[in-house]
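Undergrad: here is my input, please return the structure:
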Amino acid sequence: MVKFLCEAAGVSRSGYYNYFSAKSEEQRKRQEKKDEEAKTLILKAFHFKGRKKGARQFKMTLAGQFQCVFNLKRIRRIMKKYNIFCPIRKANPYRRMMKATQEHSVVPNILNRQFKQGIPYNVLLTDITYMQYHNGQRAYLSVIKDGSTGEILAYHLSNRITMELATNTLHKLKKNRNFKKTKDALIHSDQGTHYTHPGFQKLVKKMGLRQSMSRRGNCWDNAPIESFFGHLKDEANIKPCKTFDELKREIDKYITYYNHYRYQWNLKKMTPVKYRDHLLQAA
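TA: Numbers count the residues shown, from 1 in each chain. As a prediction, the model looks like this:
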């Protein structure tokens, strides 16, 4: 009979007899005693200060108030064994639903390095860089550059790297009186969180722009704006700036110089603004 039941349960006969041995019975009694002691301590943590707690709070309260170190796996096992439930809040399903629909999303590389299309305002390149100035202070610069002319169309400097860094740059682009969006205009960036954020993508659509993104980890897919940042850091007097306001004035001066007075060999030896006017007159 024992053999038949062991086979039906998938248990070896030696295991069956070992389970009911005096030694195993004694081990189970010792384990039960330990679990009862653990249950008593966990209930003390449960009732401590009369506040609702979860398993992690039990662990920290036991260590901080009762000098008992339990791991989370043991605490959860005891809670399950003795039906100790925590009346803590449950996840809000509507909030979870909203989060799912607001997730960051990556878009394809539509531009595919076709930066110079001979049409001003058709290809917009954007990115963010940091600048270190006096005593290790940092500032962050967001820029939108015209891929065809090299002109800096909008930029925003901040001492904090927030989501608004990218969206404020878009708002400044809208305020640029010279900017005349083409029918198929697109804005190209890397896959940074600023550009995959639903808030940024919503504003891009509202402005009637298509969106394109570089392949992950491929800086060549947005090379012209990387080149601009390189020139900026080489040529602008960033490190001597002692305050954020000083840095902002220097960035303003440099971008004015870059757009209006810095001649470029690959723009037919013109400045970005002169080359822009040249392309518009030829159209």
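Undergrad: quick one: low-confidence ranges for this protein?
TA: The model of the chain has pLDDT under 70 over residues 1-2, 4-6, 8-9, 16-17, 51-52, 87-102, 283.
Undergrad: pretty sure residue 24 is in contact with residue 18, am I right?
TA: Yes: the criterion here is CB atoms under 8 Å, and residue 24 meets it with residue 18 at 6.0 Å. C-beta coordinates here come from the backbone N, C-alpha and C atoms, glycine included.
Undergrad: strands of the stretch 151-283 of the chain, start to end?
TA: According to DSSP state E, counting those that start in this stretch, the stretch 151-283 of the chain carries its strands in the segments 152-158, 186-189, 210-213.
Undergrad: scratch that, the stretch 1-150 of the chain is what I was asking about
TA: Using DSSP E, counting those that start in this stretch, strands in the stretch 1-150 of the chain cover 123-133, 137-146.
Undergrad: now stretch 71-81: how far from the chain's centre is it?
TA: In terms of CA atoms, centre = their mean, to the nearest Å, the centre of stretch 71-81 is set 34 Å apart from its chain centre.
Undergrad: hang on, I meant stretch 271-283
TA: Per CA atoms, centre = their mean, the displacement of stretch 271-283 from the mean C-alpha position of its chain is 38 Å.
Undergrad: and the residue positioned nearest the centre of the chain, how far from residue 3?
TA: With distances taken as CA atoms, centre = their mean, residue 193 lies nearest the centre of the chain, 4.5 Å away. According to CB to CB, to the nearest Å, residue 193 stands 64 Å off from residue 3.
Undergrad: kindly report the same for residue 210.
TA: From residue 210 over to residue 3 (counting by CB to CB), the distance is 74 Å.
Undergrad: swap in residue 165?
TA: Counting by CB to CB, the gap from residue 165 to residue 3 is 74 Å.
Undergrad: more neighbours: those two, which one.
TA: Counted by other CB atoms under 10 Å, residue 165 and residue 3 do not tie: residue 165 has more neighbours, with 17 against 9.
Undergrad: that one: what's it in contact with?
TA: Neighbour list for residue 165: 128, 140, 142, 156, 158, 194 [criterion: CB atoms under 8 Å, 6 or more residues apart in numbering].
Undergrad: could you find the closest non-adjacent residue to it?
TA: residue 142 (4.8 Å; CB to CB, 6 or more residues apart in numbering).
Undergrad: all helices in the stretch 51-200 of the chain, in order from the N-terminus.
TA: Applying DSSP state H, counting those that start in this stretch to the stretch 51-200 of the chain gives helices spanning 55-66, 72-81, 93-101, 164-175, 193-196, 198-206.
Undergrad: need those in a markdown table (columns: distance to residue 271).
TA: A markdown table is the format used below for these (distance: least, CB to CB, whole Å):
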| stretch | distance to residue 271 |
| --- | --- |
| helix 55-66 | 61 |
| helix 72-81 | 64 |
| helix 93-101 | 45 |
| helix 164-175 | 20 |
| helix 193-196 | 28 |
| helix 198-206 | 28 |
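Undergrad: nearest approach to residue 47 belongs to which of these?
TA: Closest of the helices of the stretch 51-200 of the chain to residue 47 is helix 55-66, at 10.2 Å (criterion: CB to CB).
Undergrad: coming back round to it: now distance to residue 261 too, for the strands of the stretch 151-283 of the chain, in TSV please.
TA: Below are these laid out as TSV (distance: least, CB to CB, whole Å):
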stretch	distance to residue 261
strand 152-158	13
strand 186-189	26
strand 210-213	30
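Undergrad: right, so the ones you listed: which one is the most enclosed?
TA: Across the strands of the stretch 151-283 of the chain, averaging neighbours per residue (mean count of other CB atoms under 10 Å) puts strand 186-189 on top, at a mean of 24.
Undergrad: using CSV, write out every CA atom in that one.
TA: The C-alpha coordinates for strand 186-189 follow below in CSV (Å, rounded to 0.1, in the frame of the first residue of the first chain):
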residue,chain,number,x,y,z
LEU,A,186,11.3,66.9,-39.7
ILE,A,187,13.2,67.2,-36.4
HIS,A,188,16.0,64.7,-35.8
SER,A,189,17.5,63.7,-32.5
